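In: test case, fold it:
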Amino acid sequence: MRVYTNDPRQAEFTLTMSGHVERFVEISPARLLLAGYVGETLNQTVTIRPTPQHPFTITNVRARDGVHLQLKLDQVEKGGVQEYVLLIENTKTDSGRYIDQIFLTTDSQLHPEIRLGVSVFIRPAQSEGEGRTHQ
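Out: Model prediction:
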């Protein structure tokens, strides 16, 4: 980074910064994509795990638009560690694509809100005899 000053003896200099970045939360999968055909159930399960250095509780979950998404959040314990399992389910019944955003409200002062983007792609139903492949 180049720094400019009003000091005529050193009008500019290079400033180097370094630091350690700590992870606040582990989210798996990192990308949320629901894809399939009209008539199929499209859902995805997301695991949200607070890191030991930054514990938090999720106090609320909501979708920005929420028109075509149903959300269910469960708190579970795995190996003595608290984590959350979020089930995201599409409720749109016709073909098309849309995006939404999920807001997780936490009791953390460091990160009071966690945002997750969701993309949904619904293809027209295939006729009998055609193979279905999912991505």
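
In: could you use CA atoms for every contact and neighbour count after this?
Out: Fine.

In: quick one: Ile122 and Gly96, what's the gap?
Out: The gap separating Ile122 from Gly96 is 5 Å, by C-alpha to C-alpha, to the nearest Å.

In: looking at these two, which is more packed in?
Out: Neighbour tally, Ile122 and Gly96, criterion other C-alpha atoms under 10 Å: the higher count belongs to Ile122, 21 against 13.

In: now do the helix or strand harbouring that one: distance to the chain's middle.
Out: If you go by DSSP states H and E, Ile122 is part of strand 113-123. Relative to its chain's centre, strand 113-123 lies at 7 Å (C-alpha atoms, centre = their mean, to the nearest Å).

In: buried ones in it?
Out: Neighbour counts over strand 113-123 (16 or more other C-alpha atoms under 10 Å) mark Glu113, Val118, Val120, Phe121, Ile122, Arg123 as buried.

In: quick one: which of these is nearest to Lys72?
Out: Nearest to Lys72 among the buried residues of strand 113-123 is Val118, at 14.7 Å by C-alpha to C-alpha.
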